[in-house]
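J.: Sequence plus predicted model, see below.
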Amino acid sequence: MYPSFSRRGLLRTGSGTLALLVLRLRAPSIHANSRHGMKVMVTGGHPGDPECGCGGTIARYSDAGHDVLLMYLNSGQAYCGEDSSKKDCGAIRTAEEKRACEILKSRAAFAGQYDGRSILDFAHL
């Protein structure tokens with residue numbers, strides 16, 4: 001059986017005040033606070049990474065009226081499954097990304113790196 005307690009009971013104890021404050025904390029709202037909304041950028045190495053990692057969050061921000069950009073380091077040229085030819089992987093994964101952006105009401109941008117050979121240093125940033 002679980003112990004029962006009330007907010008008033010929590011306030012009576014020294015740690016109760018802290019517990020009540022913690023209970024009051026909430027995550028910031030995703031709803032647009034201004035007329036134009038926020039600009040949100042989600043990054044990933046390959047097409048599919050942002051969508052698989054946080055597709056629900058992307059959809060929530062888009063549905064709330066925010067401008068959501070999915071930024072990919074590359075187009076996934078090096079791998080797209082065991083049965084497909086490597087020469088078509090970039091085109092296949094880019095087509096999948098385009099459809100995912102339609103579904104999630106977001107847009108895509110590519111950093112122009114090559115899959116498996118990305119360079120992340122100050123000169124390229």
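T.: Yep, it's here.

J.: C-alpha from now on. contacts and neighbour counts both.
T.: OK.

J.: C-terminal to the worst-scoring helix or strand of the chain on mean pLDDT, what's the next element?
T.: Lowest by mean pLDDT, DSSP states H and E among the helices and strands of the chain is helix 14-24, with a mean of 41. Using DSSP states H and E, the helix or strand that follows helix 14-24 towards the C-terminus is strand 39-44.

J.: Within its sheet, name the partner strands of that following strand and how each one runs.
T.: Its sheet considered, strand 39-44 pairs with strand 67-72 (parallel) by DSSP bridges.

J.: Show residues contacting the strand it pairs with.
T.: If you take CA atoms under 8 Å, 6 or more residues apart in numbering as the criterion, strand 67-72 is touched by 37-47, 50, 58, 61-62, 105-111.

J.: again, only using 10 Å
T.: By CA atoms under 10 Å, 6 or more residues apart in numbering, the surrounding residues in contact with strand 67-72 are 36-51, 58-59, 61-62, 97, 101, 104-113.

J.: Pull up the distance across stretch 68-88, start to finish.
T.: 27 Å (CA to CA, to the nearest Å).

J.: And the average pLDDT for it is what?
T.: Mean per-residue pLDDT for stretch 68-88: 81.

J.: Repeat that for stretch 112-122.
T.: pLDDT averaged over stretch 112-122 gives 82.

J.: swap in stretch 42-62?
T.: What stretch 42-62 shows for mean pLDDT is 94.

J.: that's a strand at Gly46, yeah?
T.: Careful, residue 46 is His; it's not Gly. No - counting by DSSP: H, G, I helix; E, B strand; the rest coil, His46 is not part of a strand but coil.

J.: Please verify my assumption that it contacts Thr94.
T.: Yes - with contact taken as CA atoms under 10 Å, His46 and Thr94 are classed as touching, separated by 9.2 Å.
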